[in-house]
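Undergrad: for reference, the sequence and a predicted model appear below.
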Amino acid sequence: MGAIRGGGAGSMAMELFGGRMIERDFKPGGFVEYMVKDLGLGVDVVKEDDDERVVVLPGTALCKHLFSSMVANGDGKLGTRGLITVVERINGK
């Protein structure tokens with residue numbers, strides 16, 4: 001973490017959660033399964049937009065997909081830091 005702390009990747013989130021991710025401390029502040037529900041509500045609201053405009057939220061859709069993968073892997077009761085487990089699975093670890 002020291003290599004990125006002072007650069008553009010450094011952030012308060014990295015300071016707060018980076019070490020916990022490295023230590024594999026995925027204790028939740030809130031459950032990922034609730035995050036999936038909330039992201040789904042956001043995506044549904046966009047779909048229900050009565051205007052003729054198109055609203056695209058690719059980041060939200062990607063987050064919902066990744067967090068849904070956590071739930072499918074049995075990790076829905078972990079905190080959001082556990083998202084690293086999905087990235088590891090994608091990369092064969």
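TA: It's in. Numbers count the residues shown, from 1 in each chain.
Undergrad: now tell me which helix or strand of this protein has the poorest mean pLDDT.
TA: helix 2-5 (a mean of 68; mean pLDDT, DSSP states H and E).
Undergrad: can I get the CA coordinates of whichever helix or strand comes after it in PDB?
TA: Next helix or strand after helix 2-5 toward the C-terminus (DSSP states H and E): helix 12-22. C-alpha atoms of helix 12-22 as PDB (Å, rounded to 0.1, in the frame of the first residue of the first chain):
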ATOM      1  CA  MET A  12      -9.500   7.900   2.400                       C
ATOM      2  CA  ALA A  13     -11.200   4.600   1.400                       C
ATOM      3  CA  MET A  14      -7.800   3.100   0.700                       C
ATOM      4  CA  GLU A  15      -6.500   4.300   4.100                       C
ATOM      5  CA  LEU A  16      -9.600   2.900   5.900                       C
ATOM      6  CA  PHE A  17     -10.100  -0.400   4.100                       C
ATOM      7  CA  GLY A  18      -6.900  -1.200   2.200                       C
ATOM      8  CA  GLY A  19      -5.200  -2.800   5.100                       C
ATOM      9  CA  ARG A  20      -8.300  -4.700   6.100                       C
ATOM     10  CA  MET A  21      -8.500  -6.200   2.500                       C
ATOM     11  CA  ILE A  22      -4.900  -7.200   2.700                       C
END
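Undergrad: state the mean pLDDT of the next helix or strand after helix 12-22.
TA: Next in sequence after helix 12-22, counting helices and strands by DSSP H and E, comes helix 32-47. If you average the pLDDT over helix 32-47, you get 81.
Undergrad: tell me what helix 32-47 is packed against?
TA: Helices and strands touching helix 32-47, as assessed by 3 or more CB pairs under 8 Å, 6 or more residues apart in numbering; DSSP states H and E, comprise helix 58-72. Heads up, the C-betas are built off the backbone N, CA and C, glycines and all.
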